[in-house]
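A.B. asks: Model the structure of this input:
(2 chains)
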2 protein chains.
Amino acid sequence: MLSEMKRLEKQMDFIKVVDSLKNIDRRSYILDGSRNENDAEHSWHLALMALILSEHSNGQDIDLMKVIRMLLIHDIVEIDAGDTFAYDEEGNRTKVQRERECADRIFNILPDDQARELLSLWEEFEARETKEARFAASLDRLQPILLNHGTKGRTWREHGVQADQVRKRNEHIHEGSETIWSYTKDLIEDSVKGGYLEE
Amino acid sequence: MLSEMKRLEKQMDFIKVVDSLKNIDRRSYILDGSRNENDAEHSWHLALMALILSEHSNGQDIDLMKVIRMLLIHDIVEIDAGDTFAYDEEGNRTKVQRERECADRIFNILPDDQARELLSLWEEFEARETKEARFAASLDRLQPILLNHGTKGRTWREHGVQADQVRKRNEHIHEGSETIWSYTKDLIEDSVKGGYLEE
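C.D. replies: Predicted coordinates for the structure are as follows:
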């Protein structure tokens, strides 16, 4: 067993290393369009969304604390692996391996019990089989659509993304929340109507 | 009672408005020194710290979910009020009023029950009387010291902050966690020794 101070040192090392998440840029723009969003801001936004939107989850008696823990750590694996754009087929082929290596490196900075706990939480999020993982994933998909809709489809237009790709890629939102999927579909159709998203 | 879709609309309005927290810059620099940190990233970092460090809280059986909820929302009041630098005496005189007005405006975008809940959570954080608020506040104080120490005192040097101001301003960390206060004192003394912080 590590002493309390030894545990604290490992925890602080982890806390310092994950500061780099603030440097991992996403394809999304923040709503005023001034710059790209980064993973740390995105993770904050998602955790707050979970807090506000949990009543719309399909799962009865969902463990909201678990959802929030997942969302706070789900992108840490991008510190080494980088953000893989949802519509980048090539990048998505190598994503699993790259993210696994980063997870092993970074979570293992923590004391063993916490490293195991966060690794398992991240795996649960990725597997999308529990109701908590499904709800967390639905927020992770809704949020960039919200930003895209609010910036007149800026990321979609920059990357030539089409409506059917967005519909297909995000359909699983309904596994986490039928209500949020219904709202998301409206955003997508409104974007098509507004000319922000090509049919 | 609002319909589910009406509630969702208000919640989504709130989620879009708080996107602006990503534009509120703090005096702290991120650890690589490349730029200032913003409030959204800071809030993510704190919520994650709470997850990792809760075992060091003074409070037995602390409600960690409450701590994390507080940390996710505690800076939203700066969207209108701006970040008030900890060592800015003039700014701190008008801070309470400015932040109260922002809280009233932004939290009230939500459905009434959630608006009341978040306002009361923010008030609890500010009052620093419960064990959850004290622990949350101790993390809110530790984090900029961690960033300052890691960037060789950059913010302290830029603003001519002295060691005794840092000691006095942050002493209440011990109300949330004696262990974290002890660690923080070491960071402060190490910064003085390293010449990052003027005695």
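A.B. asks: how close does the residue most central in space within chain A sit to A:H172?
C.D. replies: Taking C-alpha atoms, centre = their mean as the criterion, A:D140 is the residue nearest the geometric centre of chain A, at 4.2 Å. Noted for A:D140: a distance of 11 Å to A:H172, by C-beta to C-beta, to the nearest Å. In this view, the C-beta of every residue, glycine as well, is placed from N, C-alpha and C.
A.B. asks: swap in A:A163?
C.D. replies: In terms of C-beta to C-beta, A:A163 sits 17 Å off from A:H172.
A.B. asks: starting at the chain centroid, how far to stretch A:154-173?
C.D. replies: How far stretch A:154-173 lies from its chain's middle: 16 Å, per C-alpha atoms, centre = their mean, to the nearest Å.
A.B. asks: typed the wrong thing, it's stretch A:57-77
C.D. replies: 10 Å.
A.B. asks: Please apply the same query to stretch A:32-44.
C.D. replies: With C-alpha atoms, centre = their mean, you get 12 Å for stretch A:32-44.
A.B. asks: got a list of contacts for it?
C.D. replies: Contacts to stretch A:32-44, defined as C-beta atoms under 8 Å, 6 or more residues apart in numbering or on different chains, come from residues A:21-30, A:71-75, A:78, A:83, A:143, A:147, A:151, A:154, B:19-23, B:38, B:40-41, B:43-45, B:47, B:72.
A.B. asks: Just the buried residues out of those residues, in ChimeraX syntax.
C.D. replies: Selection of buried members from these for ChimeraX, criterion 16 or more other C-beta atoms under 10 Å in any protein chain shown:
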select /A:21,22,24,26,27,28,29,30,71,72,73,74,75,78,83,143,147,151,154 /B:19,20,21,22,38,40,41,43,44,45,47,72
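A.B. asks: At which residues are the strands of chain A located?
C.D. replies: Along chain A, the stretches classed as strands by DSSP state E are A:25-29, A:36-38.
A.B. asks: Same list (these) but as JSON lines, adding mean pLDDT.
C.D. replies: What follows is those, written out as JSON lines (pLDDT from 0 to 100):
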{"stretch": "strand A:25-29", "mean pLDDT": "97"}
{"stretch": "strand A:36-38", "mean pLDDT": "98"}
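A.B. asks: Okay, helices next: where are they in chain A?
C.D. replies: A:4-17, A:39-53, A:64-73, A:78-81, A:89-107, A:112-127, A:131-150, A:154-159, A:163-170, A:173-176, A:178-194 (DSSP state H).
A.B. asks: Tell me which of the ones you listed is the most buried.
C.D. replies: When these are scored by mean count of other C-beta atoms under 10 Å in any protein chain shown, the highest mean neighbour count falls to helix A:39-53 (a mean of 26).
A.B. asks: so A:N170 makes contact with A:P144?
C.D. replies: No - contact between A:N170 and A:P144 fails when scored by C-beta atoms under 8 Å: they sit 9.1 Å apart.
A.B. asks: start to end distance for stretch A:34-41?
C.D. replies: By C-alpha to C-alpha, to the nearest Å, the extent of stretch A:34-41 from end to end equals 14 Å.
A.B. asks: on that earlier part again, okay, the strands of chain A in JSON lines with distance to B:E9 next?
C.D. replies: JSON lines is the format used below for the strands of chain A (distance: least, C-beta to C-beta, whole Å):
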{"stretch": "strand A:25-29", "distance to B:E9": "22"}
{"stretch": "strand A:36-38", "distance to B:E9": "23"}
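A.B. asks: give me the residue from chain A nearest chain B.
C.D. replies: With C-beta to the nearest C-beta, the shortest gap between chain A and chain B falls at A:W44, namely 3.7 Å.
A.B. asks: Could you find the closest non-adjacent residue to that residue?
C.D. replies: Take A:W44 and drop its neighbours on the chain: the residue closest to it by C-beta to C-beta, 6 or more residues apart in numbering or on different chains is B:W44, 3.7 Å away.
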